[in-house]
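Peer 1: structure for the following, please:
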Amino acid sequence: MKNDTLLAAIDLGSNSFRLEIGRLSLGQIHRVEYLKETVRQGNGLDSERLLSDEAMQRGWDCLARFAERLSGFKKQQVRAVATQTLREARNREDFLSRAKQILGFPIEVISGREEARLIYQGVAHLLPQTEDRRLVIDIGGRSTELIVGQGLEASVTESYRVGSVAWSMKYFRHGQLDESAFDRAEIAAKAILDEALSLCPRNAWDVAYGSSGTVGAVGDILSVAGWSQGIIDREGLAWLKRCMLRAQHVDKLRLEGLKEDRRAVIGGGVSVLMALFDLLDIDVLHVADGALRHGVLFDMLEREDEHEDIRATTVRRLQKNFGVDLTQADRVRRVALELLTQLSPNVPEHEPTRIRRKLEWAAQLHEMGALISHSDYHKHGAYILDNSDATGFAVSELHRLSLLVLGHRGKLRKLNVDFDDDAFAMQLMCLRLSVILCHARRDPESQPLKLSCSGTPDRQFKLELPADWAKQYPQSTHLLNEEVQAWQKTTWNLVLQLD
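Peer 2: Just a heads-up that it's a prediction; the model follows:
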């Protein structure tokens, strides 16, 4: 990526939506603009995990304003991620389908562990590079992330369903601030966060940092009140709690440094923060400059380099964990990419790298389900991908891979997928043809085969075979003829042409 390129990260949080725009300069990203809007989407999630119409509208309105600022940005310059509220919401697709249209860019729902990893990247990149072992905490609206790491590498990444919005709604209803509410909120938070004791014990880290949201709000309040800038300690937290108890209600809380958009959720946030101080034996918490959105920006840079892309490392780890036959996986990968190269004139502009990588990863993982059972192994592999916390991947990316793994063999009717997506159809065709050509688990003679495609509205693939090739490989030719029949059940056709 060239110097002076503008990059934008959007964080669709449970309490706030944030837009960070930075300029790339010699491997660093310098802020150009930062926009934040309090959307409180987490408040609109009911007991059935359904987002209210009002909460969705607030989100759409905010994204419309962000979209205006991002006018002129290209797809590869923008990445938007959504966190806990949209992880939970059963009707999230209702929100996301319109949100993507309004914003003009894809929106990825990321897992809790992926959110934790990106938070650490954001914090670590904006800290001096030392050998300190770091504990990083981020109390969001509906989740809290805990990370232990050193340098730029995180060793522990966890996410818990505890947050300032959720806890304020549950334990500080109507804004009441009293001792019993704090006691109940802290006990409930500790019950959920208790397992962090074994993951983040006091002897596993040297310095504790807090990112964004609640930590930033508490740090601002304490700083204005006379505590050291950028420092939260037990004494300061105890003073803040006393101030809140004296006020008795958030509407009566008068604290310099407390922003209006944070007032309604300060009770829940502080109770979770105090629970973490007690559980993890934190004496001093440093307020970090970095946050999720910064991690997203730096992750965009790494994704530009195939060798730095953390997703490629995750794929290799999955191959190892599920005993994938690496020779066969690489064989299928190479042939699939050869076929995709032949379709390159049909690949949308700015999409070749993305489409190629997804196909490559699907080929590398297409047999991962065989460790569970060889029967229906493609179904097992798809299930694993759909239910994994795979580092670096968004939920939607994993689902796309799962569909390719599920669809690499057998009938195509089982796929609940839009075959009008030309890119997906090309990926699936190349993968299925590669699996067929490599069925004997040896390198096939694929060079004489020519694959071409006519996209919308014709939607036809044509595979040209030399007549002598078809005679030399009768089993492969038989399987290819069966493949012609399989695609007739979709909106696409496959034509075999013998020369």
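Peer 1: mean confidence for the helix or strand where residue 277 lies?
Peer 2: Element membership of residue 277 [criterion: DSSP states H and E] is helix 266-279. In this model, helix 266-279 has an average pLDDT of 97.
Peer 1: show me what that helix is packed up against.
Peer 2: strand 133-139, helix 164-171, helix 179-193, helix 213-224, helix 234-247 (3 or more Cβ pairs under 8 Å, 6 or more residues apart in numbering; DSSP states H and E). Quick note: C-beta positions are derived from backbone N, CA and C, even for glycine.
Peer 1: so which of those is the most packed in?
Peer 2: strand 133-139 (a mean of 26; mean count of other Cβ atoms under 10 Å).
Peer 1: with just CA atoms, put it into CSV.
Peer 2: The C-alpha coordinates for strand 133-139 follow below in CSV (Å, rounded to 0.1, in the frame of the first residue of the first chain):
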residue,chain,number,x,y,z
ARG,A,133,4.0,-8.4,29.5
ARG,A,134,0.8,-6.5,29.1
LEU,A,135,-2.7,-7.0,30.3
VAL,A,136,-5.3,-5.1,28.2
ILE,A,137,-8.9,-4.7,29.2
ASP,A,138,-11.7,-3.1,27.2
ILE,A,139,-15.2,-2.7,28.7
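Peer 1: that one pairs with which strands?
Peer 2: Applying DSSP bridges to the sheet, strand 133-139 is found paired with strand 144-150 (antiparallel), strand 207-210 (parallel).
Peer 1: now the ones you listed as a markdown table including mean pLDDT, distance to residue 454 and mean neighbour count?
Peer 2: Listed next are those as a markdown table, based on pLDDT from 0 to 100; distance: least, Cβ to Cβ, whole Å; neighbours: other Cβ atoms under 10 Å:
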| stretch | mean pLDDT | distance to residue 454 | mean neighbour count |
| --- | --- | --- | --- |
| strand 144-150 | 97 | 47 | 25 |
| strand 207-210 | 98 | 55 | 21 |
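Peer 1: select, out of those, the one closest to residue 86.
Peer 2: Closest approach to residue 86 among the strands paired with strand 133-139 (Cβ to Cβ): strand 144-150, 15.5 Å.
Peer 1: now the angle from the closest one to helix 179-193?
Peer 2: Angle of strand 144-150 versus helix 179-193, following axes from the mean of the first three to the mean of the last three Cα atoms, to 10 degrees, is 50 degrees.
Peer 1: the first helix or strand past strand 144-150 going along the chain packs against which elements?
Peer 2: Sequence order places strand 153-160 as the next helix or strand after strand 144-150, per DSSP H and E. If you count contacts as 3+ Cβ pairs under 8 Å, 6+ apart, strand 153-160 packs onto helix 112-125, strand 144-150, helix 196-199.
Peer 1: who touches strand 153-160?
Peer 2: 84, 111-117, 120-121, 124, 143-149, 192-193, 196, 199-200, 204, 391 (Cβ atoms under 8 Å, 6 or more residues apart in numbering).
Peer 1: pull the CA atoms of it into PDB?
Peer 2: C-alpha atoms of strand 153-160 as PDB (Å, rounded to 0.1, in the frame of the first residue of the first chain):
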ATOM      1  CA  GLU A 153       1.800 -10.600  19.900                       C
ATOM      2  CA  ALA A 154      -1.300 -11.500  22.000                       C
ATOM      3  CA  SER A 155      -1.100 -14.900  23.800                       C
ATOM      4  CA  VAL A 156      -4.500 -14.800  25.500                       C
ATOM      5  CA  THR A 157      -7.600 -13.300  23.800                       C
ATOM      6  CA  GLU A 158     -11.000 -13.700  25.500                       C
ATOM      7  CA  SER A 159     -14.400 -12.000  25.400                       C
ATOM      8  CA  TYR A 160     -17.100 -12.000  28.000                       C
END
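Peer 1: okay, angle between that strand and helix 112-125 too, please.
Peer 2: Our comparison of strand 153-160 with helix 112-125, counting by the same axes, to 10 degrees, yields an angle of 130 degrees.
Peer 1: what strands line up against strand 153-160, and which way round?
Peer 2: strand 144-150 (antiparallel).
Peer 1: nearest to residue 273, out of the strands paired with strand 133-139?
Peer 2: Of all the strands paired with strand 133-139, strand 207-210 sits nearest to residue 273, with 7.9 Å by Cβ to Cβ.
Peer 1: counting neighbours, which bits of stretch 379-387 end up buried?
Peer 2: Buried residues in stretch 379-387, defined by neighbour count with 16 or more other Cβ atoms under 10 Å: 379, 380, 381, 382, 383, 384, 385.
Peer 1: which residues does that stretch contact?
Peer 2: Contacts of stretch 379-387 (Cβ under 8 Å, 6+ apart): 318, 322, 365-370, 372-373, 398-399, 401-403, 405-406.
Peer 1: so which of those are in strands?
Peer 2: Assignment to strands by DSSP state E places none of the contacts of stretch 379-387 there.
Peer 1: how far off centre is stretch 70-77?
Peer 2: 19 Å (Cα atoms, centre = their mean, to the nearest Å).
Peer 1: stretch 267-285: how far from the chain's middle?
Peer 2: Distance, stretch centre to chain centre, for stretch 267-285: 27 Å (Cα atoms, centre = their mean).
Peer 1: how about the CA coordinates for it, as CSV?
Peer 2: In CSV, the C-alpha atoms belonging to stretch 267-285 read as follows (Å, rounded to 0.1, in the frame of the first residue of the first chain):
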residue,chain,number,x,y,z
GLY,A,267,-22.9,2.8,36.7
GLY,A,268,-22.6,-0.4,34.8
GLY,A,269,-19.2,0.4,33.4
VAL,A,270,-17.7,1.3,36.8
SER,A,271,-19.1,-1.8,38.5
VAL,A,272,-17.5,-4.0,35.9
LEU,A,273,-14.2,-2.1,36.2
MET,A,274,-14.2,-2.5,40.0
ALA,A,275,-14.9,-6.2,39.6
LEU,A,276,-11.9,-6.6,37.3
PHE,A,277,-9.7,-4.7,39.7
ASP,A,278,-10.6,-7.1,42.5
LEU,A,279,-10.5,-10.3,40.4
LEU,A,280,-7.2,-9.7,38.6
ASP,A,281,-5.5,-7.9,41.5
ILE,A,282,-5.0,-4.7,39.5
ASP,A,283,-3.5,-1.8,41.5
VAL,A,284,-2.9,0.6,38.6
LEU,A,285,-4.5,0.7,35.2
